[in-house]
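1. Need a 3D model of the following:
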Amino acid sequence: MDPADIVTERDEPSPVWEAYRGAHTGTDLECQGWRQEAALRMLNNNLDPEVAEKPEELVVYGGTGKAARSWDAYEAIVAELRELGDAETLLVQSGKPVGRFETHERAPRVLIANSNLVGRWDTWEHFHELEAEGKIMYGQMTAGSWAYIGTQGIVQGTYETLAELARQEYDGDLGGKIVATAGLGGMGGAQPLAVTMNGGVCIAAEVDESRIDRRIETGYCMEKTDEVDEALERAQDAAEAGEPYSVGVHVNGADLLEGLLERDAVPDVVTDQTSAHDALEGYYPSGYTLEEADALREEDPDRYREAALETMARHVDAILALQERGAVAFEYGNNIRGQVAEWRAERADARDGAKGPDAEDEAEGPDAGDGTDGPDSRDPFDFPGFVPAYIRPQFCRGRGPFRWIALSGEEADIHRTDEAVLELFPEKERLVRWIELAQEQVSFQGLPSRVCWLGFQTGEAPEAPRDEGSAERSSADHSSGQGPREDGGTAGVDEDGLTERARFALRINELVREGELAAPIVVTRDHLDAGSVASPNRETEAMKDGTDAVADWPILNALLNCAAGADIVSVHDGGGVGIGNSIHTNNHVVLDGTDQAAATARRVFTTDPGMGVVRHADAGYAEAIETAADSDVAIPMRDRVADQ
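-> As a prediction, this is how the structure comes out:
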């Protein structure tokens, strides 16, 4: 037998993991340096029971997003990281260590590739075949790149999205507004808190009651109920009183939204963050208890998948119906629209094949049944994704999620860095509000951490009112990507030419060097960033130049960040939206107070957000072109044309 065909799986978690059950803390090192130590601690932080959804199965979040392929692979990674030298690089292929090479001190210590398949074979079916043979792993985004920090990571992005929605649709906050949604897992669990942080009221459906309980325990959700009527009454009372409020409803998301339609109770905003990207492992069909659905998945996966997709179709139709009745609707990045569109296309092909080439279609009108008439005639993409609707203008500025983790395990280290970011950017009102709210309402999970959105801008421009030209741009349609700048005005130039991210990272490095922090800080981010992802149904949906599916950009992002010396660089397929639907990358930089860390931070926190500016400038977005000009980003062909 070929050794590659041997699958070694354990029913019980690794005793090595049992001994950790979270990241090692303090200043004593298990590894040969802080860069390797940071990788080890971040791997174990991803599998902390306070952080991960199913750590005993190596699952971090998102249904099946794992930190390592198997417990044998996990133990091997731990052993390799402990031995890894300061001039060596470890290679990790879909959660399994496959090689270690001598490189040099400024090279990445770890390179990771997860779930990547060649185009024609880049399908869930082929992935699951390989997964069953133990040859590949679904890394989601921050699960397989060892960068997950619990629900806070998505809270901040959801807060930013809803803040922009409130600016566009209402008076800048969600006071008195009801948001209806579904999904309270590792990603969706952020929604209730993000809504209340923006002053609104949230009704969130979740089929797994333990997930609701977990969100209540951590302060992310306020109350729960099994009854739609009770949830609606509580939500309406809170909205009328102008009080922030959230309630988890133990019910399927499609059933909740259909229930609202039956009661003619139209929420102000409707969205969804179930794990719909994976019809088999991530989304629960209606009509089953949790236990019944789990049993069906085990006994008849094909039937389970069909039932899940039928429920998704109802779910999407309910969102569209609520939108028609006046709700602001958007998809929050789980590819539920794409899943339904593909499923309906498959059904139509099957029906046409069954009819034969000479058959006449007798079904006409709205009651035609399984065809493309009636509800099936609705285009799932008739409501927008959150990126083109609310986020792309920020991506044009190279702005995105910047997260940092205290390797010491000391909350005081994060509190000091909170002070530092507020000292550096006091003019950024949204950032200041977020940090203050996070300090009050966000519980740490695992290693203490924080996240905020920072960009490429090399300046300290105040949040000034926009001029008439800016106002005109802000009224442009969503697909154009033109919109408000959170920093306001035209970017000034920092005296050292540093980006926002670089300025903050260097300040953290100084705090470590000066002994104000107990141990180094590791900086990373979500894969959802300005220049690190190609995802036609999410981050790159409706690009101005039609380059939604061009995957060169995230590959260039990873290559450039390797050249810049990031400590960990990863490239994944399928995170958030499913296998074959995205390519995305991540990086880590360890700030240990050294000159080398400072030099790395200068480079990486210029190249990484700079890729977002370049990518969107190349697509023709005026705000990205303006940022490139203001911050002296070289864009060869545009620069040559300008010179001529």
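2. what's the least confident helix or strand in the protein, going by average pLDDT?
-> helix 468-474 (a mean of 32; mean pLDDT, DSSP states H and E).
3. moving C-terminal of that one, what's the next helix or strand?
-> helix 500-513 (DSSP states H and E).
4. tell me what that following helix is packed against?
-> strand 400-406, helix 411-424, strand 449-454, strand 521-524, strand 583-591, helix 595-618 (3 or more Cβ pairs under 8 Å, 6 or more residues apart in numbering; DSSP states H and E). The way it works is simple: take the backbone N, C-alpha and C, and place the C-beta from them, glycine included.
5. Buried residues, it. List them.
-> 500-509, 511-513 (16 or more other Cβ atoms under 10 Å).
6. Farthest pair within the residues you listed?
-> Taking Cβ to Cβ as the measure, the buried residues of helix 500-513 span a maximum distance of 20.8 Å, between 500 and 513.
7. which ones are touching the most centrally placed residue in the chain?
-> Taking Cα atoms, centre = their mean, the centroid of the chain lies closest to residue 528, which sits 5.3 Å from it. Counting by Cβ atoms under 8 Å, 6 or more residues apart in numbering, residue 528 touches 141, 157, 333, 400, 401, 538, 539, 576, 584.
8. Ok, residue 452 next?
-> Counting by Cβ under 8 Å, 6+ apart, the residues that residue 452 touches are 156, 401, 402, 421, 431, 434, 435.
9. would you list the residues you listed in TSV and tack on pLDDT, distance to residue 450 and neighbour count?
-> Formatted as TSV, the contacts of residue 452 follow (pLDDT from 0 to 100; distance: Cβ to Cβ, whole Å; neighbours: other Cβ atoms under 10 Å):
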residue	pLDDT	distance to residue 450	neighbour count
156	89	9	26
401	93	11	21
402	95	9	25
421	98	8	24
431	93	11	23
434	93	10	23
435	96	8	22
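10. Closest to residue 208 out of those?
-> residue 156 (23.8 Å).
11. quick one: the closest one from residue 435, how far?
-> 10 Å (Cβ to Cβ, to the nearest Å).
12. Then residue 399?
-> Residue 399 is 16 Å from residue 435, by Cβ to Cβ.
13. What number of residues are in the vicinity of residue 526?
-> By the criterion of other Cβ atoms under 10 Å, residue 526 has 26 neighbours.
14. so it makes contact with residue 157?
-> Yes - if you go by Cβ atoms under 8 Å, residue 526 and residue 157 touch, sitting 6.8 Å apart.
15. list residues touching both of these two?
-> In contact with both residue 526 and residue 157: residue 401, using Cβ under 8 Å, 6+ apart.
16. where along the stretch 301-450 of the chain do the helices fall?
-> Taking DSSP state H, counting those that start in this stretch to define them, one finds helices in the stretch 301-450 of the chain at 301-324, 336-355, 386, 392-396, 411-424, 429-441.
17. could you redo the ones you listed as JSON lines and give each row distance to residue 46?
-> Output for the helices of the stretch 301-450 of the chain, formatted as JSON lines (distance: least, Cβ to Cβ, whole Å):
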{"stretch": "helix 301-324", "distance to residue 46": "27"}
{"stretch": "helix 336-355", "distance to residue 46": "26"}
{"stretch": "helix 386", "distance to residue 46": "25"}
{"stretch": "helix 392-396", "distance to residue 46": "26"}
{"stretch": "helix 411-424", "distance to residue 46": "18"}
{"stretch": "helix 429-441", "distance to residue 46": "21"}
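18. which stretch in the ones you listed has the least confidence?
-> Lowest mean pLDDT within those: helix 336-355, at a mean of 87.
19. Return the most buried member of the helices of the stretch 301-450 of the chain.
-> Highest mean neighbour count of the helices of the stretch 301-450 of the chain: helix 392-396, a mean of 27 (counted as mean count of other Cβ atoms under 10 Å).
20. which strands and helices sit next to it?
-> Taking 3+ Cβ pairs under 8 Å, 6+ apart as the contact cut, helix 392-396 packs with helix 595-618, helix 622-630.
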